[in-house]
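Peer 1: Sequence first, predicted model second:
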Amino acid sequence: MKNLIIALLFTLLCVSVQAATLEFASQLGEKQQPRLDKLLPDVARQMAFSSDGTKLIARGMGGTVVEWDFQSRQKREISHIHVKRWFAYSIGTDQMLARDADDNITILSLGNGDDALLTNGQYEIGSLSADSTLAVLSKGNNEVEVWQLTKQGSKTVENAGSARKLKVLRTSFPVRNGLMLSDNGRLIAAAEGTYRDGEGHRTAIEIWNATDERPMRVFNTGEILGVWNLLFSPDATMLAVDTQKNAQSGIRVWEIETGRQRLMKSEFEAYWTRALAFSPTSDYLASGDESGDLRVWDISEGESVIWETYPTGIQALAFSRNGEYLAVALWDATIQILHWREE
């Protein structure tokens with residue numbers, strides 16, 4: 001009987017581990033010698049798949065935004081705009097919100113290259129809803145601006161002149177660590193950082209309903225240095241961040257409605273976990289760190305089901321919307337395209 005129970009447990013474990021798989025599909029870009037003092041200009045800092053999963057949009061560390069075609073493995077520069085700090089991509093309308101080198105906040109249509117000015121100023125970060133009807137911006141102070149762009153997402157660029165600022169949310173602390181809008185445009189997450197003598201660095205995350213004037217929930221991450229990533233799950237039920245404390249990184253996932261912590265991992269060997277990405281089903285979270293460790297976490301089980309190590313650091317991750325691919329951007333300037341399967 002004891003042997004039977006052990007056999008059943010082993011079978012269940014194998015099924016769990018085999019529920020998600022990754023296989024190499026292709027490589028984009030030519031391998032370069034990584035630099036440790038400063039990342040190469042061609043290393044992808046941010047990535048997003050197109051809605052049909054055939055193209056990959058990537059912003060390099062040097063500020064150039066390119067579009068990779070999977071079949072030809074060729075890239076093209078998709079804009080004359082040099083992205084200074086960040087960009088947000090709307091998968092539903094194939095449009096981008098970005099701060100350029102002149103501190104203009106611009107809406108760009110990747111299909112035809114048209115762009116329009118939304119506003120200007122040194123906004124530290126911003127985000128865009130999946131249908132491009134709502135945007136959020138912050139200058140790194142105690143304010144989050146909520147902008148209504150248009151009711152017709154496909155015409156956002158044409159109608160940028162009619163965009164208006166809906167409201168300004170007053171946060172408890174400066175928005176220094178991240179700002180994210182859920183795909184459906186209903187929720188806003190602001191990662192706020194403080195530093196006090198004797199307490200060190202602390203990060204709190206406020207969750208707002210876009211229609212409210214006060215945060216609906218606050219997650220206090222405690223004494224951590226800050227975060228690289230702040231993201232909602234595709235179904236907008238969870239929030240994920242990376243953490244950093246005592247020169248070791250980690251990850252956390254919360255359930256937004258209840259505030260329950262679904263996943264908490266810490267003391268990774270890497271100083272920073274630089275990349276996070278939810279799977280399209282919201283069942284898994286992929287993480288990539290400076291040590292080259294790529295892990296896929298089963299959120300319901302609270303454990304990693306896949307662990308691969310690359311010879312150089314990981315800078316960005318992105319799942320395709322159709323659930324077929326996971327893109328892994330490495331410090332050697334290549335992007336590894338992996339087949340993703342959930343069984």
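Peer 2: Arrived safely.

Peer 1: Listing partners with orientation, what would you give for the helix or strand where Arg45 lies?
Peer 2: Using DSSP states H and E, Arg45 sits within strand 44-49. Paired with strand 44-49 in the same sheet, following DSSP bridges, are strand 55-60 (antiparallel).

Peer 1: Off-centre distance for the partner strand?
Peer 2: 13 Å (Cα atoms, centre = their mean, to the nearest Å).

Peer 1: same deal with stretch 45-59?
Peer 2: Worked out by Cα atoms, centre = their mean, stretch 45-59 lies 12 Å from the chain centre.

Peer 1: ranges for the helices of the protein?
Peer 2: Taking DSSP state H to define them, one finds helices in the chain at 2-17.

Peer 1: Flag the shaky bits of it, pLDDT-wise.
Peer 2: 1-18, 79-81, 84-85, 151-161, 198-200, 223-226 (pLDDT under 70).

Peer 1: returning to what we had before: who touches the strand holding Arg45?
Peer 2: Strand 44-49 has contacts (Cβ atoms under 8 Å, 6 or more residues apart in numbering) with 55-61, 86-87, 89, 91, 315-321, 325, 327, 329, 335. Just so you know, the C-beta spots here come from the backbone N, C-alpha and C atoms, and that holds for glycine as well.

Peer 1: Using PDB, list the CA coordinates for that strand.
Peer 2: Extracted C-alpha coordinates of strand 44-49, given in PDB (Å, rounded to 0.1, in the frame of the first residue of the first chain):
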ATOM      1  CA  ALA A  44      16.100  44.400 -25.900                       C
ATOM      2  CA  ARG A  45      15.000  46.300 -22.800                       C
ATOM      3  CA  GLN A  46      11.200  45.800 -23.600                       C
ATOM      4  CA  MET A  47       9.400  43.400 -25.900                       C
ATOM      5  CA  ALA A  48       5.800  42.700 -27.000                       C
ATOM      6  CA  PHE A  49       4.300  40.400 -29.600                       C
END
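
Peer 1: which parts of it are buried?
Peer 2: Buried residues in strand 44-49, counting neighbours by 16 or more other Cβ atoms under 10 Å, are found at 44-49.

Peer 1: what do you get for stretch 325-343?
Peer 2: 325-338, 340.

Peer 1: quick one: which two of the buried residues of strand 44-49 are the most distant?
Peer 2: Greatest spatial distance among the buried residues of strand 44-49 (Cβ to Cβ): Arg45 and Phe49, at 15.8 Å.

Peer 1: mind listing the strands for the stretch 1-150 of the chain?
Peer 2: 20-28, 44-49, 55-60, 65-69, 74-77, 83-90, 95-100, 104-109, 115-120, 125-128, 134-138, 143-148 (DSSP state E, counting those that start in this stretch).
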